[in-house]
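Colleague: Below is the sequence, then the predicted model.
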Amino acid sequence: MKPAAHIQAVIEILEEIQNVWKGDRRLPVDGMLSNYFKQRRYIGSKDRGVVSELVYFVLRFGGSLEWHVEQCDRAVTPRHVVLAALMFKDKKREEIIALFNGQQYAPSCLTEPELTMLSRLEGKEFFDHRMPNPARYNYPDWAEGRLKDAFGNWLPDAMDALNQQAPIDLRANLLKCKDRGDLILALDKDGYFATPTPISPIGVRLKKRLPAFTTQAFKDGMFEMQDEGSQVVAQLVEARPGQKVIDFCAGAGGKTLSLAAAMGNKGRLLAWDTSEKRLGQMPKRLARAGVSNVQSHVLRDERDPFIKRHVASADWVVVDAPCSGSGTWRRNPDLKWRFSLDDLTEVKAVQQRILDSASRLVKPGGRLVYITCSIFPDENFWQVKQFLEHNPTFKVAPPDRVWNKHVNSRDGIGPCVTLTPHQDGTDGFFAAILLKDNAASS
């Protein structure tokens with residue numbers, strides 16, 4: 001593909017995203033990109049990479065780009081936002097005019113108002129001092145108060161980190177590796193160079209963004225792709241061989257696989273979810289990883305009568321709760337724009353219902369671990385606070401001992417674990433260990 005065709009493809013994809021989100025904001029961009037490329041198999045892998053990179057740049061910095069378009073008195077359209085993005089990605093005005101040439105597979109020629117917009121953008125600073133916070137730091141207006149509550153004076157650092165591209169982290173599968181050193185050596189053989197992750201003792205980080213799923217190490221089940229923060233919060237579950245563990249919101253099984261390795265494939269590991277499609281991805285992953293102690297079940301909803309069979313029986317219950325995903329904005333920047341305040345209200349109610357149901361499964365002396373990949377306090381500390389007010393048989397178990405035993409420690413761990421990109425170099429995560437009183441009756 002020629003550079004002009006790349007630009008036209010980006011405009012088409014952004015137009016499709018805009019149209020689809022008018023009806024279904026839950027549809028993620030990675031799926032739409034995949035469908036776009038599948039319908040155009042002539043687009044090679046390098047061209048897909050160029051197109052995807054610009055699409056994600058627009059999504060990552062959409063607030064700033066739209067502000068600049070509005071300052072030029074132009075309508076915020078995919079075409080205008082792409083023009084602004086090209087200007088701020090070190091394209092010269094003359095280069096952009098040459099790309100918008102109206103030839104086959106290229107964008108149509110620029111209009112006079114568009115030429116004027118380019119002239120007005122030329123030489124401008126991308127992060128203008130006049131920008132309001134949502135535009136400068138690229139988040140939706142409704143998130144302003146929550147982000148200030150979460151980060152205070154650290155808001156600029158936190159948001160700048162959340163607007164960076166995430167690294168590729170892998171979790172060594174200890175059912176197939178003695179330790180992560182084995183994984184690093186195996187990846188080296190395929191020319192994929194990795195270093196140990198700084199916090200998780202079982203993680204490695206690729207030095208370059210490469211398709212790790214093509215390696216022999218992946219085919220041999222030596223690793224799963226998992227952000228370092230997700231690895232760390234999973235290790236707060238000190239599940240031992242022979243115990244009963246329930247992964248209440250198992251999804252496709254990322255944390256289930258980690259738990260199975262920690263249990264040495266011994267004991268009962270029950271993986272539940274309300275999505276049959278997500279759980280359907282698990283068997284193939286379990287087989288590749290050599291996991292044999294998992295039983296999966298599709299729940300009708302978070303109050304499925306099936307749950308009653310397991311009341312007060314689990315040593316550990318893991319609730320990796322559905323959430324805003326705000327902690328993954330650097331990995332999924334589209335989430336910033338397709339997740340609404342109404343969605344947040346809805347998901348918080350779901351979190352409360354899940355906590356209520358999942359807590360009944362914990363036996364006296366057992367633990368419930370509540371996890372989100374959110375940076376919003378009302379999905380994290382406030383949910384735990386509200387749960388404890390209504391469930392006096394539970395209390396927060398400080399994570400210090402577990403943290404120091406399983407994690408390359410840092411200072412500042414409080415009663416709950418909070419991980420952030422600017423402080424820890426991970427996605428944003430929250431985790432609380434809730435201990436059920438030994439004397440509590442079922």
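Modeller: All right, it came through fine. Residues are numbered from 1 along each chain as shown.

Colleague: shouldn't residue 9 be in contact with residue 43?
Modeller: Yes: between residue 9 and residue 43 there is a contact under CB atoms under 8 Å: 7.4 Å. C-beta: built from backbone N, CA, C; applies to glycine.

Colleague: Looking at those two, which has the bigger crowd around it?
Modeller: Legend: neighbour count by other CB atoms under 10 Å for residue 9 and residue 43, higher for residue 9 (24 against 18).

Colleague: which residues are common contacts for residue 9 and residue 43?
Modeller: Counting by CB atoms under 8 Å, 6 or more residues apart in numbering, the residues touching both residue 9 and residue 43 are 1, 51.

Colleague: Checking my notes, residue 435 in a strand, right?
Modeller: Yes: using DSSP: H, G, I helix; E, B strand; the rest coil, the assignment for residue 435 is a strand.

Colleague: got the contact list for the residue nearest to it when sequence neighbours are not counted?
Modeller: For residue 435, ignoring the flanking residues on the chain, the nearest one in space by CB to CB, 6 or more residues apart in numbering is residue 397 at 4.1 Å. Shown in contact with residue 397 (CB under 8 Å, 6+ apart): 367, 433-435.

Colleague: give the contact list for residue 75.
Modeller: Residue 75 makes contact with residue 69, according to CB under 8 Å, 6+ apart.

Colleague: Helix, strand, or coil at it?
Modeller: Residue 75 ends up coil, using three-state DSSP.

Colleague: where does it fall, phi/psi-wise?
Modeller: phi -70, psi 140 (degrees, to the nearest 10).

Colleague: How about residue 239?
Modeller: Dihedral pair for residue 239: phi -70, psi 130, per degrees, to the nearest 10.

Colleague: same deal with residue 418?
Modeller: Here is the backbone geometry of residue 418 (degrees, to the nearest 10): phi -130, psi 120.

Colleague: is it true that it touches residue 432?
Modeller: No: between residue 418 and residue 432 there is no contact, the gap being 9.8 Å when judged by CB under 8 Å.

Colleague: by contact count, what packs against the strand ranked longest in the chain?
Modeller: Ranked by number of residues, the top strand in the chain under DSSP state E is strand 362-372. Packing partners of strand 362-372 (3 or more CB pairs under 8 Å, 6 or more residues apart in numbering; DSSP states H and E): strand 314-320, helix 341-359, helix 381-390, strand 429-436.

Colleague: which among the contacts of residue 397 gets closest to residue 385?
Modeller: residue 434 (11.5 Å; CB to CB).

Colleague: ok so, going back, of the contacts of residue 397, which is the most crowded?
Modeller: Highest count within the contacts of residue 397 by other CB under 10 Å belongs to residue 434, 25 neighbours.

Colleague: and that residue, bridged to which residues?
Modeller: Residue 434 has the following beta-bridge partners by DSSP bridges: residue 368, residue 396.

Colleague: Among the helices and strands packed on strand 362-372, which comes closest to residue 129?
Modeller: With CB to CB as the criterion, residue 129 lies closest to helix 341-359 of the helices and strands packed on strand 362-372, at 28.0 Å.

Colleague: nearest residue to residue 351 other than its sequence neighbours?
Modeller: Sequence neighbours aside, residue 321 is the residue nearest to residue 351 in space, at 4.8 Å (criterion: CB to CB, 6+ apart).
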